[in-house]
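Student: Provided below for reference: sequence and predicted model.
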Amino acid sequence: MTTHAGARSAPGSLNDRWHRLALNLFAFVVIAHWAEHIVQAIQVFVLGWPRPQAGGVLGLWIPWLVTSEWMHYGYAVIMLIGFFALAPGFTGRAKKWWKTALWIQFWHHFEHLLLLVQALTGRNLLGGPVPVSVLQLVLPRVELHLFYNLVVFVPMVVALYFHMRPSPQDRAEMRCTCAVGAAA
């Protein structure tokens, strides 16, 4: 099979035959992550829990995991890989929105890398008592992660909408069957 860029792609690859399934799995991971942050926000803003004890659902069962910068960095990397790996399956308007989400996630990944490096080296940004990211200098961590998830999620959802409901020109360029009414 030849892609629109002229590169060869194996039949059944991630961005044609398996694109819909891969997007559904990716969306599941994103929504599960959102649920964690929403539970954490409810713990802080509705239940009045102290921020260190508000770790979402995972934090109730595995508190050390939620305080690990490795877990947060790992999720940021998984998201970045997902955005990069699934991008070739998008066309037209959907591709523009998907790339917007990808670049915002790239910055989010950088912020988590910065936190991880501080945690591993013990040298915190601006000599602070705990690791902080660049935007965390302005927004507290709980609010910042809600913000990051929102600004990555919105363009991702717009991209998925345009991907499933493409213009005739975009549909003609698609290699997958994600579009509404496409033959599976």
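Tutor: Arrived safely, thanks for sending. Residues are numbered from 1 along each chain as shown.

Student: For the closest residue to Val44 other than its chain neighbours, list the residues it contacts.
Tutor: What sits nearest to Val44 in space, not counting adjacent residues and going by C-beta to C-beta, 6 or more residues apart in numbering, is Ala54, at 4.6 Å. All C-beta spots, glycine's among them, are computed from the backbone N, C-alpha and C. Contact analysis of Ala54 by C-beta atoms under 8 Å, 6 or more residues apart in numbering lists 40, 43-44, 47, 142.

Student: okay, those residues in JSON lines with distance to Ser167 next?
Tutor: Converted to JSON lines, the contacts of Ala54 look like this (distance: C-beta to C-beta, whole Å):
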{"residue": "Gln40", "distance to Ser167": "39"}
{"residue": "Gln43", "distance to Ser167": "43"}
{"residue": "Val44", "distance to Ser167": "43"}
{"residue": "Leu47", "distance to Ser167": "46"}
{"residue": "Val142", "distance to Ser167": "39"}
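
Student: Excluding chain neighbours, give the residue nearest to the most centrally placed residue in the chain in space.
Tutor: The geometric centre of the chain, computed from its C-alpha atoms, lies nearest to Met79 (C-alpha atoms, centre = their mean), at 4.2 Å. Nearest non-adjacent residue to Met79, counting by C-beta to C-beta, 6+ apart: Gln105, 5.2 Å away.

Student: element containing the one you found, please.
Tutor: helix 92-121 (DSSP states H and E).

Student: so after that helix, what's the next helix or strand?
Tutor: Past helix 92-121, the next helix or strand by DSSP H and E is helix 141-164.

Student: relative to helix 92-121, how tilted is that following helix?
Tutor: Orientation note: helix 141-164 sits at an angle of 150 degrees relative to helix 92-121 (axes from the mean of the first three to the mean of the last three C-alpha atoms, to 10 degrees).
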